[in-house]
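Novice: Give me a model of this one.
(3 chains)
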Amino acid sequence: MSVASIGKYEFEPLDKVENFHGNQLTYLNWEQHLLFCAPVCLPLPPEMPFGAFMKEVLPGVYSKHPDFKEINWDEVTWTLDGDDFTPNMAASLADNGFGHKSLLRFWTPGLDGIEGSHS
Amino acid sequence: MSRVVSITLQNNDDARPIIEAIEKDNPEATVNIYPGMVKIDCEGRLIIKQETVEELLGREWDVQELHLSIISMGGNVDEEDDYFELSWNL
Amino acid sequence: MAEKRKKKLGIKQRYSMLTRGLGWDTTYQDMDKVFPYDNYEGIIIHDWEGWEDPFRLTMDAYWKFQSEKEKKLYAVIDSFAQNNGHLGITDARYVNALKLFLTGVSPLEYQAARGFTHVGRHFRGVGPRVACQMQAIDELRHVQTQIHSMSHYNKYFDGLHSAPHMHDRVWYLSVPKSFFDDARTAGPFEFLTSISFAFEYVLTNLLFVPFMSGAAFNGDMATVTFGFSAQSDEARHMTLGLEVIKFMLEQDERNIPIVQRWMDKWFWRGTRMLALVAMMMDYMLPKRVMSWREAWDIYFTEAGGALFADLARYGIKPPKYADIATKEAEHISHQAWHIFYNYTHAAAFHTWVPEKDELDWLSEKYPNTFDKYYRPRLEYLDKEEKAGRRFYNDTLPMLCQVCQIPMGFTDMDDPTTISFEVSEYKDDKYHTCSLGCKDIFDYEPAKYVQAWLPVHQIYQGNCGGAEIPDVLKWYNFNLGADNMEYNGSPDQKLWDEWQAHRKKA
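Specialist: Reported below is the predicted structural model:
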């Protein structure tokens, strides 16, 4: 529906990709690990290789969790924007299908968080 | 479905005669006491009568003085010179 | 009382004499030009005289009662300050609820004053105009009395020094701010539905009544008094909310679907904002009156149930997703507190892990959920804090496009999985935290793409700098005093000194 208004109602979205200085936003969530209260938001260059993201970005977000060092990355399952996803480590985020404001979620089988509480 | 009307008043000296009057005129009302306040619930309707409050207070009492003591309420309001009533349409 | 003073006119006649007949139809300008905003929303009004004021409060009586309320309130505030009333509160942790109140709620009172002043000008009917103008004055009184009461705490405690500045900038304060911005940028009928009905009638009880009772229980005389003094006006505001709904519904049946949609929208937005109040009640009151769950049962399930049963005769249904909101009452306070625990380094108030007896109380009040999902996490956080490794989340969170709360709420049927919704609009994705927020986005995407999401704004470079300390300075925080864990804070140190003096005395 359009907004009921007294005149023309058209405004620029505040979060267009151009506003992020060459980065695009990526949302990231480690499932069943709610010690981290919410998914995080990261401004990342679309040309960053997925492997670099894994090595340089992801640990900075989640390594405080005691389960983090237990993760067997070969067993991890991923979804990107709701679809099953197999990352290509050498390819860039963009070539892996990441757009502006894409949501990446991952599951770590066998790890149930603090005292099995999924935290 | 609950049809409870409700009024919440401060638990202080100004409100006490009003609370007492409500108890007198609405025998089926339930009075819940919380820190600082009193919540009175009653099925369907609840009335505050000027006459009863005045008797308890020993002076004239304008129904609108209720504004000084009320905290909250639930129900359709009917305000007159000599009473204040809350009700849901049954 | 044999002789009663006889008034010349009855209350109804008196009220009608003093309100109606004050307006007139303009002749040298078209009425639609004089009142350009009261029909574009699609609400059809045939007869403005059909407006009924439940409280027949004339202006002279209004001034009389309001001045009496003010005299009583200021006597208490003054004596509270003179007698060092802050020493009598149960625990300094409690003051953190006031910090959230002063930065998150009091500025809304001011927004309400602005909103009601605006719509009080723009209804062509005299009844609603008078009611809105009175309410605008009330709201101004609320913000003033709140600032005045809490200014006493500002002499001793951190985080209370820059409320309006923080309200416009700080990430979590964008939640209440955007709520009111959304309402004030809607038309006058939607504004009244959002603020007077959904917020004041259906939800405000949950903020002012049990929380203020909690303030009484925790020895905070100043807050109880302004709270209940404001609430005495609120009772009148609630009736305005119910009246505007009945008025719209009685005027034309084409109004029904519009009103229903507004109710659905504003009920949901209101419940989201109340997540802040939920955690204030379950976590921030050292002595607790009732749990959030209990308050929800009394004030929404029971009181709201009776209200919506009454409105059913107009064809109005209870708000969409009320069932989800009721399920959330089991979880929302714990999830909201956890969000703030994660990000207290970027908040102007302290958080902490509740003490053991407080955890036991939560276990007892939430027997189906607390031990299973939340207690192990809190006990772990406690252990970490005591070992000198206080947990903070170092990465900025993803926010909901509509309510602007970090996406920390779970699927209510699966409380270990975050709830995600997404919409596409003009080639961009917009993420929301719930079906309720998604519906709101999808109905008016052109409005919500303009949302000023604090995390995105930080990344765009609009909030004082690239590093978090720069952002916090831009928020006007005193770093190391206003923010971080309660244990070890200057607030705690001061409080402990006072308690030690007391013991010695």
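Novice: now check stretch C:295-313, is it near chain B?
Specialist: Yes: for stretch C:295-313, a contact with chain B is found by Cβ under 8 Å from any Cβ of the partner chain, at C:Glu302, C:Ala303, C:Gly305, C:Ala306, C:Leu307, C:Ala309, C:Asp310, C:Arg313. Using the backbone N, CA and C atoms, a C-beta is placed for each residue, glycine as well.
Novice: could you list every residue that touches C:Leu98?
Specialist: When contacts are counted by Cβ atoms under 8 Å, 6 or more residues apart in numbering or on different chains, C:Leu98 is found next to C:Met150, C:Tyr153, C:Leu160, C:Asp220, C:Thr223.
Novice: Please apply the same query to A:Leu25.
Specialist: By Cβ under 8 Å, 6+ apart, the neighbours of A:Leu25 are A:Asp15, A:Cys41, A:Leu42, A:Pro43, A:Leu44, A:His100, A:Lys101, C:His456, C:Tyr459.
Novice: what do you get if the cut-off is 7 Å, keeping everything else the same?
Specialist: Neighbouring residues of A:Leu25 by Cβ atoms under 7 Å, 6 or more residues apart in numbering or on different chains: A:Cys41, A:Pro43, A:His100, A:Lys101, C:His456.
Novice: before we move on, what about C:Pro490?
Specialist: With Cβ under 7 Å, 6+ apart as the criterion, the residues that contact C:Pro490 are C:Asp158, C:Ala481.
Novice: before we move on, what about C:Asp264?
Specialist: C:Asp264 neighbours (Cβ under 7 Å, 6+ apart): C:Pro319, C:Lys320.
Novice: Where does it sit, in terms of helix or strand?
Specialist: Element membership for C:Asp264, per DSSP states H and E: helix C:255-273.
Novice: Check which residues of that helix are buried.
Specialist: C:255, C:258-273 (16 or more other Cβ atoms under 10 Å in any protein chain shown).
Novice: burial count for C:Arg328?
Specialist: Careful, residue C:328 is Glu and not Arg. C:Glu328 has 26 neighbours, counted by other Cβ atoms under 10 Å in any protein chain shown.
Novice: Which residue, neighbours along the chain excluded, lies closest to it?
Specialist: C:Met412 (5.6 Å; Cβ to Cβ, 6 or more residues apart in numbering or on different chains).
Novice: Surely that neighbour touches C:Thr326?
Specialist: No: look at C:Met412 against C:Thr326 with Cβ atoms under 7 Å: they stay out of range, at 9.1 Å.
Novice: Show me what from chain A comes close to chain C.
Specialist: Contacts of chain A with chain C, taken as Cβ under 7 Å from any Cβ of the partner chain, map to A:1-4, A:6, A:9-11, A:13-15, A:19-21, A:25, A:27, A:29, A:31-32, A:34-43, A:61, A:64, A:100-101, A:103, A:114-115, A:117-119.
Novice: Please name the residues that touch the nearest residue to C:Gly104 once chain neighbours are set aside.
Specialist: Leaving aside its chain neighbours, C:Gly104 sits nearest to C:Pro176 (4.9 Å; criterion: Cβ to Cβ, 6+ apart). If you count contacts by Cβ under 7 Å, 6+ apart, C:Pro176 has them with C:Gly104, C:Val105, C:Leu108, C:Met273.
Novice: quick check, the third one in a helix?
Specialist: This means C:Leu108. Yes: C:Leu108: assigned to a helix according to DSSP: H, G, I helix; E, B strand; the rest coil.
Novice: Now for it, how many residues are close by?
Specialist: A count of nearby residues for C:Leu108, using other Cβ under 10 Å, gives 22.
Novice: separation between it and C:Ala303?
Specialist: 22 Å (Cβ to Cβ, to the nearest Å).
Novice: what's the answer for the last one, then?
Specialist: Using Cβ to Cβ, one obtains 18 Å as the distance from C:Met273 to C:Ala303.
Novice: Could I get the phi/psi values of whatever residue of chain B ends up closest to chain A?
Specialist: For chain B and chain A, the shortest gap (Cβ to the nearest Cβ) falls at B:Asn76, measuring 29.4 Å. Torsion angles at B:Asn76 (phi, psi; degrees, to the nearest 10) stand at phi -80, psi 140.
Novice: Equivalent analysis for B:Val38, please.
Specialist: Torsion angles, degrees, to the nearest 10, at B:Val38: phi -130, psi 130.
Novice: which residues sit in contact with it?
Specialist: Neighbour list for B:Val38: B:Thr8, B:Leu9, B:Asn11, B:Ile19, B:Val31, B:Asn32 [criterion: Cβ under 7 Å, 6+ apart].
Novice: per-residue confidence at the fifth one?
Specialist: It stands for B:Val31. pLDDT, B:Val31: 97.
Novice: That one: neighbour count?
Specialist: 14.
Novice: how about the residues of the stretch 251-400 of chain C near chain A?
Specialist: When proximity is defined by Cβ under 7 Å from any Cβ, the stretch 251-400 of chain C lies next to chain A at C:338-339, C:342, C:373, C:376-377, C:380, C:391, C:393, C:395-398.
Novice: Just give the closest residue to the residue in chain B that chain C sits nearest to, not the sequence neighbours.
Specialist: Per Cβ to the nearest Cβ, B:Gly36 is where chain B lies closest to chain C, at 3.2 Å. Excluding the flanking residues, the one nearest B:Gly36 by Cβ to Cβ, 6+ apart is C:Ala216, at 3.2 Å.
Novice: got the contact list for the closest residue to C:Arg390 other than its chain neighbours?
Specialist: Distances taken as Cβ to Cβ, 6+ apart put C:Glu485 closest to C:Arg390, at 5.1 Å, once the chain neighbours are dropped. Contact partners of C:Glu485, counting by Cβ under 7 Å, 6+ apart, are C:Thr344, C:His350, C:Thr351, C:Trp352, C:Glu385, C:Arg390.
Novice: so what's C:Cys463 up against?
Specialist: Contacts of C:Cys463 were listed using Cβ under 7 Å, 6+ apart, and they are C:Gln457, C:Val471, C:Trp474.
Novice: Got phi/psi on it?
Specialist: C:Cys463 adopts backbone torsions of phi -130, psi 50, taken as degrees, to the nearest 10.
Novice: Distance of it relative to A:Val40?
Specialist: Using Cβ to Cβ, which is the criterion applied here, C:Cys463 is 17 Å from A:Val40.
Novice: Next up, the contacts around C:Ala348.
Specialist: C:Ala348 neighbours (Cβ under 7 Å, 6+ apart): C:Lys99, C:Thr103, C:Gly159, C:Met166, C:Val170, C:Phe477, C:Asp482, C:Asn483.
Novice: check which helix or strand covers the last one.
Specialist: C:Asn483 is part of no helix or strand, with elements assigned from DSSP H and E.
Novice: Is it correct that it is in contact with C:Phe349?
Specialist: No: counting by Cβ under 7 Å, C:Asn483 sits too far from C:Phe349 to count as a contact (8.1 Å).
Novice: which of those two has more neighbours?
Specialist: The residue with more neighbours, out of C:Asn483 and C:Phe349, is C:Phe349; 29 against 22, by other Cβ under 10 Å.
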